[in-house]
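K.L.:
Structure of the sequence below:
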Amino acid sequence: MELNVEMNQCFAEVDESTKRYIVMKGSAGSGKSVDTAMNYILRLMKDKGRNLVCIRKSDITNRDSTYAELTGAIYRMFGGEADKYWTVKQSPLQLTCKHNGNQKLNLNKVVDVIRFFSNSNSVTSLYKVKLMKLMWYSDMLSYRDYGHSITGLTYLALPMGAVPIEHEAIIRLPGINVKEVEFNDGGTGYRFSETKSKKYKYLSKSDCQILERVIEKLGSMTREQIVDYMHKEKAFKETKANKPINYKHARYLNL
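P.N.:
Residues are numbered from 1 along each chain as shown. Predicted structure coming up:
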């Protein structure tokens with residue numbers, strides 16, 4: 001989605017600041033609260049891993065102040081499509097951007113998911129490209145059936161299909177058995193092998209069931225087959241190149 005947001009130019013320098021502490025002063029009607037709320041909503045969508053906590057002396061006053069400003073910013077920016085991109089809860093007071101699948105990033109689950117696929121006898125020739133697609137299908141299927149992804153990862157629409165943000169760092173997480181190998185054509189790739197431990201303490205029973213369903217359908221596919229299969233997905237076709245794939249497309253998942 002392309003956003004055309006008109007920000008108050010008086011606060012341009014503040015909005016672009018990356019300093020740890022920012023103090024804003026102004027009288028009622030100065031526009032600082034409106035601008036701050038819109039800027040935070042933009043940053044929550046744009047900056048990977050960003051969270052926002054609003055603190056006041058009395059928690060109950062957040063409802064009519066900070067929370068009202070933030071939800072107001074969402075509805076001004078997204079209008080009638082706000083619910084496609086944000087989940088707004090009143091109890092507890094919580095806003096969640098749907099681009100990350102309504103789930104906070106859980107690296108322990110990421111590792112367990114990768115290990116689950118690596119240890120499966122039904123997953124053949126597991127290299128990075130294929131693994132990324134298996135993970136995407138798992139998160140999307142979980143979102144479709146349960147309303148949340150498994151890992152909390154955000155995926156981009158790249159030429160070879162869905163790929164998680166920071167995928168290079170993800171495959172280097174402790175506990176994953178991965179090795180860089182050379183192909184006959186001179187290229188290189190990352191091959192994933194089974195691990196000693198076959199326990200997945202961070203995955204729920206429903207998580208494991210989702211992964212098994214994905215393996216049953218896609219586990220024996222070659223890299224070329226699974227890439228071609230994913231390219232036919234509505235989620236991939238309707239997402240601009242190099243942009244995040246919205247979890248709203250899970251309802252159309254071909255699985």
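
K.L.:
Please list all residues in contact with the closest residue to Ser65 other than its chain neighbours.
P.N.:
The shortest distance from Ser65 to any non-neighbouring residue, by Cβ to Cβ, 6 or more residues apart in numbering, is to Arg56 (7.0 Å). To be clear about C-beta, it is placed using only N, CA and C from the backbone, and glycine gets the same treatment. Applying Cβ atoms under 8 Å, 6 or more residues apart in numbering, we find Arg56 in contact with 62, 65-66.

K.L.:
same check, this time on Ile245
P.N.:
136, 155-157, 162, 235-236, 239.

K.L.:
Among these, which one sits closest to Asn254?
P.N.:
Ala235 (9.5 Å; Cβ to Cβ).

K.L.:
Which residues lie in contact with Met230 in this structure?
P.N.:
133, 136-137, 161-162, 236.

K.L.:
Next: Gly29.
P.N.:
Applying Cβ under 8 Å, 6+ apart, no residues contact Gly29.

K.L.:
can you confirm it is in a strand?
P.N.:
No: the assignment for Gly29 is coil, going by DSSP: H, G, I helix; E, B strand; the rest coil, so no strand is present there.

K.L.:
before we move on, back to that, filter the contacts of Arg56 to the buried ones?
P.N.:
62, 66 (16 or more other Cβ atoms under 10 Å).

K.L.:
Could you list every helix and strand in contact with the helix or strand harbouring Ala73?
P.N.:
Following DSSP states H and E, one finds Ala73 within helix 66-78. Counting contacts by 3 or more Cβ pairs under 8 Å, 6 or more residues apart in numbering; DSSP states H and E, helix 66-78 packs against helix 32-46, helix 82-85, strand 86-90, strand 93-97.

K.L.:
I'd like the mean pLDDT over it, please.
P.N.:
For helix 66-78, mean pLDDT rounds to 87.

K.L.:
Buried residues in it, which are they?
P.N.:
Buried-residue list, helix 66-78, by 16+ other Cβ under 10 Å: 66-67, 69-71, 73-74, 77-78.
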